[in-house]
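S.K.: sequence plus predicted model, see below.
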Amino acid sequence: MQPPCSKGELEPPTKGQNQNITKLSLSDVHGYVVDIIELRSSLALWLIWKQHDLLLIRTKCEVRLKQARVPTEGEFKRLAAVVSQGKFGPRNRMALMLSYLAGLRVGEIASLRWGDLVNGEGKACEQLRLSAVVTKGGHARVVFLNARLRKEVEQYRSSLAQPPTPLHPVLVTQKRGAFSANTLCQLMRGWYDLAGLDGGSSHSGRRWFITRLAHAGISPKAIMMLAGHRHLSTTQRYIDVNDEMMRAAVEIL
């Protein structure tokens, strides 16, 4: 008599059980191997796709978290000097000032016509009305132009070869057409590269506008309205704080 199998061992099949075992041909074994290889390949592809999806999600989150640079006063002056140079200097300076001094979005700037900025006598208006068609979120709003910006508008208009019509675009490309938001965005991005300001973009002027108002003690509600935001929490995310601002803050005490 054979000793019983120890724990963890398989008991050998009896003679009757051996007759029930199906014999596999070489082609059957080959088929199973191919199926396993295809399964492993499919699993590998699935993992690659998932890693790609995770990478895209991570990239989008990083882009979302990385905010546009807010230049200091000295950096803004250097940027304005760089932008004002060349054949298209007056046009580029106008776009820059609309971004920094009015807090306009790049799409709003690109959509402007001269009838939006000046009256029949060629004088800059104190208010700019943006329709729901051109604003983010589809909500019409009023933008106020300060004295500094109105002067910039009138100087730019006087630099043109001939007085523009009310329906003529304020900013014109090399091909004499209106800018798209995307084209103007790319143009603005290049200005920061030329000025040596890493991280700057078409959103920098808008953040600068909101930050300056916030540190000047303007009511958060007023800043929200000037920025065209619907929620105060959105406006707060635009405000930048640096060492210079914190140093000035404690000197008040």
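M.R.: That came through, no problem. Residues are numbered from 1 along each chain as shown.
S.K.: need the contact list for the residue nearest to V118 when sequence neighbours are not counted.
M.R.: In space, and not counting its chain neighbours, V118 is closest to A124: 5.6 Å by Cβ to Cβ, 6 or more residues apart in numbering. Every C-beta, even on glycine, is put in place using the N, C-alpha and C of the backbone. By Cβ atoms under 8 Å, 6 or more residues apart in numbering, the residues touching A124 are L117, V118, L145, L149, R150, K151, V153, E154.
S.K.: if we use 10 Å, what do you get?
M.R.: Contact analysis of A124 by Cβ atoms under 10 Å, 6 or more residues apart in numbering lists 117-118, 145, 147, 149-157.
S.K.: next: Q236.
M.R.: Q236 sits next to I210, A214, P220, I223, M224, H229 when contact means Cβ under 10 Å, 6+ apart.
S.K.: my read is that the fifth one contacts H231, right?
M.R.: Just to be clear, that refers to M224. Yes: look at M224 against H231 with Cβ atoms under 10 Å: they come within range, at 7.6 Å.
S.K.: so between those two, which is more surrounded?
M.R.: A direct count of neighbours by other Cβ atoms under 10 Å for M224 and H231 places M224 higher, at 19 against 9.
S.K.: confirm the more buried one sits in a helix?
M.R.: Yes: assessed with DSSP: H, G, I helix; E, B strand; the rest coil, M224 lies in a helix.
S.K.: what's the neighbour count on the closest residue to it other than its chain neighbours?
M.R.: In space, and not counting its chain neighbours, M224 is closest to T235: 4.5 Å by Cβ to Cβ, 6+ apart. Close neighbours of T235, defined as other Cβ under 10 Å, add up to 21.
S.K.: hang on, T235 in a strand?
M.R.: No: counting by three-state DSSP, T235 falls outside a strand, being helix.
S.K.: A helix includes L98, no?
M.R.: Yes: remark: L98 belongs to a helix, assigned using three-state DSSP.
S.K.: surely it meets R150?
M.R.: No: applying Cβ under 10 Å, one finds L98 not in contact with R150, separated by 11.5 Å.
S.K.: quick one on the thing from earlier: mind checking how far the residue nearest to V118 is from V153?
M.R.: 4 Å (Cβ to Cβ, to the nearest Å).
S.K.: and the contacts of A124, which is closest to P164?
M.R.: Nearest to P164 among the contacts of A124: R157, at 7.1 Å, using Cβ to Cβ.
S.K.: what ranges do the strands span in the stretch 51-200 of the chain?
M.R.: Taking DSSP state E, counting those that start in this stretch as the test, the strands found in the stretch 51-200 of the chain are 127-130, 141-144.
S.K.: check which helices and strands the last one sits against.
M.R.: What it means is strand 141-144. The contact analysis (3 or more Cβ pairs under 10 Å, 6 or more residues apart in numbering; DSSP states H and E) places strand 141-144 against helix 89-102, strand 127-130, helix 220-227.
S.K.: in its sheet, what does it sit against?
M.R.: strand 127-130 (antiparallel) (DSSP bridges).
S.K.: average pLDDT across the strand it pairs with?
M.R.: For strand 127-130, the mean pLDDT works out to 93.
S.K.: also stretch 174-187?
M.R.: 94.
S.K.: for stretch 96-115, same thing?
M.R.: Rounded mean pLDDT across stretch 96-115 is 96.
S.K.: pull up the distance across it, start to finish.
M.R.: Criterion Cα to Cα, to the nearest Å; first-to-last residue distance in stretch 96-115 is 19 Å.
S.K.: ranges for the helices of the stretch 151-253 of the chain?
M.R.: Assigned by DSSP state H, counting those that start in this stretch, the stretch 151-253 of the chain shows helices spanning 181-194, 204-215, 220-227, 232-236, 243-251.
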